[in-house]
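>>> return a 3D structure for these sequence lines:
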Amino acid sequence: MTQQHPELEQEQAYILHAYECLEASRVGALKIRELTSSGPGGTFQARLERNVFDENLVHRLEQLELGNAALVFGRIDRAADSGDEVESFHIGRLAVADANREPVVVDWRAPVAEPFYRATGREQMGLLRRRHFVVEGPQLLALEDELFGEGHLGVGQDDGLTGDDPRQGLRGYSTLLTALGRSRTGQLGDIVATIQAEQDEIIRSPQAGVLVVQGGPGTGKTVVALHRAAYLLYTHRFPLEDQGVLVIGPNRVFLRYIERVLPSLGEAGVQQVILADLIPEVQFGLRESSNVARVKGNKRIAKVIDKAITDRERPLREDVQLPYGVGFVRLRAEESVQIIKAARRRYHRHNQARRYVENEVWAALAASFRSGADAEDIRDALTGTPEIRAVFERMWPVLTPAQLLHDLFGSKALLKLAANGILPEADYLALYRERSDSLNDVRWSNADAALLDEARFLLGPRPRKSGKVDETDEIRTFGHIVVDEVQDLTPMQLRMVTRRSLSGSMTVVGDIAQATGPLAPNDWKDVLEHLPSRKTPRIVGLSVGYRIPAQIMELADKVMHVATPGLRAPRSVRDGDEVPVITSVESDPALFEAVIARARVLLQQAGGGRTAIICPDDMVDQMSTALTSASVPHGRAQAAGLDENLSIVPASLAKGLELDDVIVVEPSAIVADDAQGLRLLYVTLTRSTRSLTVVHRLALPDAML
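Numbers count the residues shown, from 1 in each chain. Now for the predicted structure:
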């Protein structure tokens, strides 16, 4: 790459012209929006059309908010159809046209842009040249050209690279290294300018079915999945935009980390959540043991919940006699048995049958009156009385998921009734917890989200007085779902995800070697058996590590080979400037002193960036206190994401994050604190793009030696 490329000024002028066209488009859209905002007058059809048009304009304006992201990042030259001329296309993150509607920038997702990512020396896809820009916003810093055709090696055929070298086949290698060498900002950036062929193949793969992306640390699996969501929205705008795209992450720190990627690609309407966000009307925050989480994650718990609902559909123990007029009406216990049986036959969801049960009870009461009575008259006379409410609550109560599980978990008798023959006694008794005085006071755990969702599905919507159902109880489905760190989801959580899939279209990404959930899988088959199967699932792998220097991967690979023997580690495309530093101390005070000293050095180094101290979860408070006492500014990932230059990250929240410099504290304690401790240690050792420091008092795990 050279700063003195002969066409540098020409390309700079073109980029500035593209920004001018973009601004003109923005101004034009705003003017049109003003014209459509003339008030509520006109016919209903006119107002509707105006509102729809306005919504589309607002969406377009959101797309045009680039921030500091580069608009244009490359160009391709190819032979025109006429054969003698060369046509050029500048590639960028969204399409831009000039005043005459002539294209100035081609959207990276357009078919014509595909050779920019996929062309190789062997498969040139009609290219004569591919040009990569090194840019900061509108400023062009450098160019890199790759030439194709006779007399040129083509991309990936550089001198001195063997077939085993991970750099073999990479496009725009110098541009890629420049991008990888930039300091982190605390937010995951897009890779739209440096997407490699194996990544692009995944991004542009067909929408239908489940696509599993297996990728080790630093392979870019998260950004690939997010770019795939953006590509699918571009390619299948209708109906996918109406159906919705859902992105599910493992925790809120991770969501904050990835939140800017899709908006930077012009897709601001994608819903990004953790599983707990999909459960309405409850509060989370309960922490529980890994054993309880394991029980709640097992798919057999679904049968327990189903049985718990059935256990609430109970006939009367004895006949009920209620005063009516100058006499009485009666509901015999035998009749209640028949009503319950009929309701179960007719309805598959509990709450939907409540209206039927009520009507049958009113009819039975009316038939019992000695001179006959109208069921509606009986209803009008007895509705709301304590006696009839007790009948319905006994026979067929309307239940919310929280009510059902609060009652179930708060009673050992109900747990035994629902789980006997399904779960071992030790497992179902592990679910017991003291009842709260009010349902509003209950705090639920992350593992409870899937159980509440199962109950919500089985119970169905609550009936309203009008006879209609409460639509807020219905589970929304999405046209495409992206799940990150999917290897950590339990079977129950995977059922929850599958329930939200409209057509079975999903992109799920993860790494079996980093599986640390309570029911960690050893093979992708263990995950796929709980996901949609209407189309044959596809499993693809990312083999090249872009983020982590080879020296750090060498240490991490030792741990991976012990934690998950048989799995192949990704191959790093670059070397770092330094090897990992391992510091041993003799006491706890010395441990904190060593961490603080190293943190100060990293914070003062040239180039800036983000530094993280990754430590056992129960050490976070102590570490924060020590840093505060030493007057070292810092943040805590649980509360502020990675907004500070120095952050303390609990080991359990480290997955998926990307930092410049990392200090891992007490590896042996990290291993001891988790059922999949070696895998969690592997995660913590693979977060850095620049330097890794390990500080320990306890003996290092054998896997690191």
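>>> residue ranges with poor pLDDT in the stretch 601-705 of the chain?
For the stretch 601-705 of the chain, the stretches with pLDDT under 70 are 606, 639-640.
>>> do a quick rundown of the helices in it.
If DSSP state H, counting those that start in this stretch is used as the criterion, the helices of the stretch 601-705 of the chain fall at 620-629, 637-640, 667-672, 677-685.
>>> among those, which is nearest residue 295?
Among these, helix 677-685 comes nearest to residue 295, with 20.3 Å by CB to CB. C-beta here means a position set from N, CA and C on the backbone, and glycine is covered the same way.
>>> is residue 76 part of a helix or strand, or is it coil?
Following DSSP: H, G, I helix; E, B strand; the rest coil, residue 76 is assigned to strand.
>>> the residue nearest to residue 117 when sequence neighbours are not counted is in what secondary structure piece?
Closest residue in space to residue 117, ignoring its immediate chain neighbours: residue 200 at 3.8 Å, by CB to CB, 6 or more residues apart in numbering. Take DSSP states H and E as the rule and residue 200 turns out to sit in helix 197-203.
>>> so for the next helix-or-strand element following that helix, what's the average pLDDT?
Using DSSP H and E, the next helix or strand after helix 197-203 towards the C-terminus is strand 210-215. Strand 210-215 shows a mean pLDDT of 96.
>>> for the helix or strand that strand 210-215 is followed by, packing partners?
As assigned by DSSP H and E, the chain's next helix or strand after strand 210-215 is helix 221-235. Contacts defined by 3 or more CB pairs under 8 Å, 6 or more residues apart in numbering; DSSP states H and E place helix 221-235 against helix 197-203, strand 210-215, helix 237-243, strand 245-248, helix 261-264, strand 480-483, strand 506-510.
>>> pLDDT on helix 221-235, on average?
94.
>>> any idea which helix or strand in this protein has the lowest mean pLDDT?
For the chain, using mean pLDDT, DSSP states H and E, the weakest element among its helices and strands is helix 44-63, scoring a mean of 56.
>>> for this structure, longest helix please?
helix 8-35 (DSSP state H).
>>> rewinding a little: how about the helices and strands packed on helix 221-235, which one is nearest residue 99?
Short answer: helix 237-243, nearest of these by CB to CB, at 24.9 Å.
>>> for that closest one, C-alpha coordinates in PDB please.
Taking C-alpha atoms only, helix 237-243 is exported to PDB below (Å, rounded to 0.1, in the frame of the first residue of the first chain):
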ATOM      1  CA  ARG A 237     -37.200  -6.200   1.900                       C
ATOM      2  CA  PHE A 238     -40.700  -7.300   1.300                       C
ATOM      3  CA  PRO A 239     -42.000  -9.100   3.300                       C
ATOM      4  CA  LEU A 240     -39.100  -9.400   5.700                       C
ATOM      5  CA  GLU A 241     -39.300  -5.900   6.900                       C
ATOM      6  CA  ASP A 242     -42.900  -6.400   7.900                       C
ATOM      7  CA  GLN A 243     -42.200  -9.800   9.400                       C
END
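>>> how distant is that helix from the center of its chain?
19 Å (CA atoms, centre = their mean, to the nearest Å).
>>> for the residue lying closest to residue 563 once chain neighbours are set aside, give me its contacts.
Among residues not flanking residue 563 along the chain, residue 678 sits closest, at 3.7 Å (CB to CB, 6+ apart). Residue 678 makes contact with 559, 562, 563, 671, 701, 703 under the criterion CB atoms under 8 Å, 6 or more residues apart in numbering.
>>> again, only this time at 7 Å
Neighbouring residues of residue 678 by CB atoms under 7 Å, 6 or more residues apart in numbering: 559, 562, 563, 671, 703.
>>> residue ranges with poor pLDDT in the stretch 151-300 of the chain?
151-174, 178, 180-181, 183-184.
>>> same thing but 50
Scanning the stretch 151-300 of the chain for pLDDT under 50 picks out 153-162.
>>> for residue 131, give the beta-bridge partners.
residue 75, residue 145 (DSSP bridges).
>>> wait, isn't it in contact with residue 147?
No. In this structure, residue 131 is not within contact of residue 147 by CB atoms under 7 Å, at 9.8 Å.
>>> of the two, which one has the most company?
Between residue 131 and residue 147, residue 131 has the larger neighbour count (other CB atoms under 10 Å), namely 23 against 15.
>>> who's in contact with the more buried one?
Applying CB under 7 Å, 6+ apart, the residues near residue 131 are 74, 75, 143, 145.
>>> put together JSON lines for the residues you listed, with neighbour count and pLDDT on each row.
Listed next are the contacts of residue 131 as JSON lines, based on neighbours: other CB atoms under 10 Å; pLDDT from 0 to 100:
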{"residue": "74", "neighbour count": "27", "pLDDT": "94"}
{"residue": "75", "neighbour count": "23", "pLDDT": "96"}
{"residue": "143", "neighbour count": "23", "pLDDT": "90"}
{"residue": "145", "neighbour count": "15", "pLDDT": "90"}
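>>> still on that earlier bit, and residue 354, which of the helices of the stretch 601-705 of the chain is closest to it?
Closest among these, once you apply CB to CB, is helix 637-640, at 41.9 Å.
>>> just give me the neighbour total for residue 424.
Residue 424: 10 neighbours (other CB under 10 Å).
>>> cool, and residue 650?
22.
>>> from what I can see it touches residue 618, true?
No. Taking contacts as CB under 7 Å, residue 650 lies outside contact range of residue 618: 8.7 Å.
>>> now do the same contact list for residue 417.
residue 311.
>>> now which of the contacts of residue 678 would you call buried?
With neighbours counted using 16 or more other CB atoms under 10 Å, the contacts of residue 678 contain these buried positions: 559, 562, 563, 671, 703.
>>> what's the closest of these to residue 217?
residue 559 (11.2 Å).
>>> in contact with the closest one, which residues?
678, 681, 682, 685, 703, 704.
>>> can I assume the last one is in contact with residue 558?
So the one you mean is residue 704. Yes. In this structure, residue 704 is within contact of residue 558 by CB under 7 Å, at 6.1 Å.
>>> which one's more surrounded, these two?
residue 704 (21 against 18).
>>> distance of the more buried one from residue 560?
Per CB to CB, to the nearest Å, residue 704 is found 11 Å from residue 560.
>>> cool, residue 128 as well?
Counting by CB to CB, the gap from residue 128 to residue 560 is 43 Å.
>>> count of residues packed around residue 371?
7.
>>> average model confidence for stretch 309-326?
On average, stretch 309-326 scores 94.
>>> that one spans what distance, first to last residue?
Stretch 309-326 has its terminal residues 38 Å apart, counting by CA to CA, to the nearest Å.
>>> and that stretch, which residues are buried?
So for stretch 309-326, counting by 16+ other CB under 10 Å, buried means 309, 312, 313, 316, 320, 322, 324.
>>> cool, stretch 439-454 as well?
For stretch 439-454, by 16+ other CB under 10 Å, it's 442, 444, 445, 446, 447, 448, 449, 450, 451, 452, 453, 454.
>>> show only the entries of the residues you listed found in strands.
Per DSSP state E, strands hold the following members of the buried residues of stretch 439-454: residue 444.
>>> would CSV of the buried residues of stretch 439-454 with pLDDT and distance to residue 273 be doable?
Formatted as CSV, the buried residues of stretch 439-454 follow (pLDDT from 0 to 100; distance: CB to CB, whole Å):
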residue, pLDDT, distance to residue 273
442, 96, 21
444, 97, 16
445, 97, 17
446, 95, 13
447, 97, 16
448, 98, 16
449, 98, 11
450, 98, 14
451, 98, 18
452, 98, 15
453, 98, 13
454, 98, 18
